[in-house]
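J.: using only what follows, build the 3D model:
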Amino acid sequence: MNDKPKGKLIAVGGNEDKGSYPNSKSKKKYYLDFFELGILKRFLAEIPSERPRVEVVTSASLIPEEVGERYQSAFGILGCGEIGLMHIREAAEAHQPAYLERLKQADGIMFSGGDQSRLTRFFGNSPFLDILKERYQNENFVIAGTSAGAMAMSEIMIRGGSAKEALLKGSVRISQGLGLMQGVIIDSHFIIRGRFGRLMEAVVTHPRTMGIGLGEDTGVLITDGHLIETIGSNLVVIMDGHVLGYSNISEIERGKPVAIENMLMHVLAKGNVYDINTREFYKDMDALRLKQVKSKKLKVPRQIKN
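T.: As a prediction, this is how the structure comes out:
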């Protein structure tokens with residue numbers, strides 16, 4: 001098995017513009033940002049196939065048929081017609097050979113929003129998850145998830161909890177995610193729902209983790225398992241728990257205020273890059289590549305003349 005995964009992850013904060021377009025019969029306001037900022041378009045672009053086969057997993061949603069139709073329409077607008085829908089509603093279905101074969105044949109997969117606990121309940125310890133991890137690790141396979149689908153990607157997953165009561169011990173519920181990434185905790189709808197305290201509590205409860213807060217219509221493209229590039233129209237917040245100082249969380253009773261010293265935070269806009277291994281911020285991918293080139297040059301040993 002390779003140390004670095006060959007595949008890519010795209011975690012989206014929710015409410016991504018799926019490709020709306022003007023309709024003269026409707027009084028609704030439509031947005032064309034999707035065609036300019038392109039989260040779903042970027043998802044397709046990262047798949048190394050001219051005619052990608054995409055599977056959409058709607059298991060997190062309680063209205064899977066409606067959600068599936070929306071994604072089919074969105075991808076259709078983008079010219080991608082090879083879309084399959086997996087309405088997996090129970091754990092036993094994640095063992096069915098037909099679904100496993102479809103997963104093996106897909107070029108990319110997208111998990112819809114809904115309830116992230118449904119994803120871990122249906123796919124945890126399943127052959128479906130085994131194939132998903134194997135393909136992500138060893139192939140140029142793209143896995144995307146929006147909202148619940150994004151939150152379930154990490155090994156440590158926020159299962160729920162009130163943002164208003166955050167930073168009162170016990171207000172955030174944590175469980176095990178799908179484990180595609182280790183050392184991070186992902187939260188969605190981050191900006192509009194004010195989930196700063198919720199993610200901080202999750203990070204301080206699990207020291208030396210990295211919190212990733214995803215705004216709406218915003219995502220992160222994760223390559224090599226550790227390079228985060230912001231895509232979309234909003235913001236991504238990184239909370240670094242590696243340098244935490246004092247916290248009273250192990251001393252206080254449930255419901256009491258949590259004290260945190262030295263929580264490091266970064267805010268990323270479109271194109272910004274963060275390396276979760278080195279914990280370094282870059283303006284864009286070009287700045288990262290320049291740093292890598294300079295680093296390689298510095299490591300070249302000087303020839304010593306006799």
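J.: going forward, measure contacts and count neighbours with C-alpha atoms only.
T.: Noted.
J.: where in this structure is pLDDT low?
T.: Counting by pLDDT under 70, the ranges of the chain that qualify are 1-2, 16-37, 298-306.
J.: if we use 80, what do you get?
T.: 1-2, 15-38, 163, 297-306 (pLDDT under 80).
J.: can you show me the helices along it?
T.: 33-37, 39-45, 64-77, 97-105, 116-123, 127-138, 148-151, 196-205, 285-299 (DSSP state H).
J.: distance-wise, check H242 relative to G213.
T.: 16 Å (CA to CA, to the nearest Å).
J.: equivalent analysis for I228, please.
T.: Distance from I228 to G213, by CA to CA: 12 Å.
J.: contact partners for G81?
T.: G81 sits next to Q72, F75 when contact means CA atoms under 8 Å, 6 or more residues apart in numbering.
J.: now it: how far from E139?
T.: 23 Å.
J.: same question for G79.
T.: 24 Å.
J.: same check, this time on L129
T.: From L129 to E139 the distance is 15 Å (CA to CA).
J.: who has more neighbours, those two?
T.: Neighbour totals were compared for L129 and E139, and L129 leads with 21 against 14 (other CA atoms under 10 Å).
J.: list the contacts for the nearest residue to the more buried one once chain neighbours are set aside?
T.: Of all residues not flanking L129 in the chain, F123 sits nearest, at 5.9 Å (CA to CA, 6 or more residues apart in numbering). The neighbours of F123, taking CA under 8 Å, 6+ apart as the test, are A91, A94, L129, L178.
J.: one more time with 7 Å, if that's ok
T.: A91, A94, L129 (CA atoms under 7 Å, 6 or more residues apart in numbering).
J.: could you report the neighbour count for the closest residue to H226 other than its chain neighbours?
T.: If you skip the residues right next to it in sequence, H226 has I276 as its closest partner in space, 5.3 Å away by CA to CA, 6+ apart. Residues within reach of I276, counting by other CA under 10 Å, total 18.
J.: can you tell me the closest non-neighbouring residue to R135?
T.: Per CA to CA, 6+ apart, closest to R135 is F141, 6.2 Å.
J.: ok, now how distant is that neighbour from A269?
T.: F141 sits 25 Å away from A269 when distances are taken as CA to CA.
J.: so which bits of stretch 176-196 are buried?
T.: The neighbour-count check on stretch 176-196 (16 or more other CA atoms under 10 Å) flags 176-191, 195-196 as buried.
J.: in strands, which of those fall?
T.: Using DSSP state E, Q176, V184, I185, I186, D187 are the members of the buried residues of stretch 176-196 that sit in strands.
J.: can I get the residues you listed in TSV including distance to L290?
T.: Shown next, in TSV, are these (distance: CA to CA, whole Å):
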residue	distance to L290
Q176	37
V184	26
I185	29
I186	29
D187	31
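J.: from those, pick the one nearest D107.
T.: I186 (24.2 Å; CA to CA).
J.: rewinding a little: more neighbours, H242 and G213?
T.: When neighbours are counted by other CA under 10 Å, H242 and G213 differ, and G213 comes out ahead with 28 against 17.
J.: would you agree the more buried one is in contact with I192?
T.: No - when contacts are counted by CA atoms under 7 Å, G213 is not listed as touching I192 (11.1 Å).
J.: circling back to that earlier point, looking at the helices of the chain, which is closest to N234?
T.: Closest to N234 of these is helix 33-37 (CA to CA; 10.2 Å).
J.: could you export stretch 184-195 as PDB, CA atoms only?
T.: The C-alpha coordinates for stretch 184-195 follow below in PDB (Å, rounded to 0.1, in the frame of the first residue of the first chain):
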ATOM      1  CA  VAL A 184      -8.800  15.900  11.100                       C
ATOM      2  CA  ILE A 185     -12.400  16.700  12.100                       C
ATOM      3  CA  ILE A 186     -14.700  18.200   9.400                       C
ATOM      4  CA  ASP A 187     -17.700  20.400  10.100                       C
ATOM      5  CA  SER A 188     -20.100  21.800   7.400                       C
ATOM      6  CA  HIS A 189     -22.500  24.800   7.000                       C
ATOM      7  CA  PHE A 190     -19.800  26.400   9.100                       C
ATOM      8  CA  ILE A 191     -20.100  30.200   8.500                       C
ATOM      9  CA  ILE A 192     -23.800  30.700   8.200                       C
ATOM     10  CA  ARG A 193     -24.600  28.500  11.200                       C
ATOM     11  CA  GLY A 194     -21.900  29.900  13.400                       C
ATOM     12  CA  ARG A 195     -20.200  26.500  14.200                       C
END
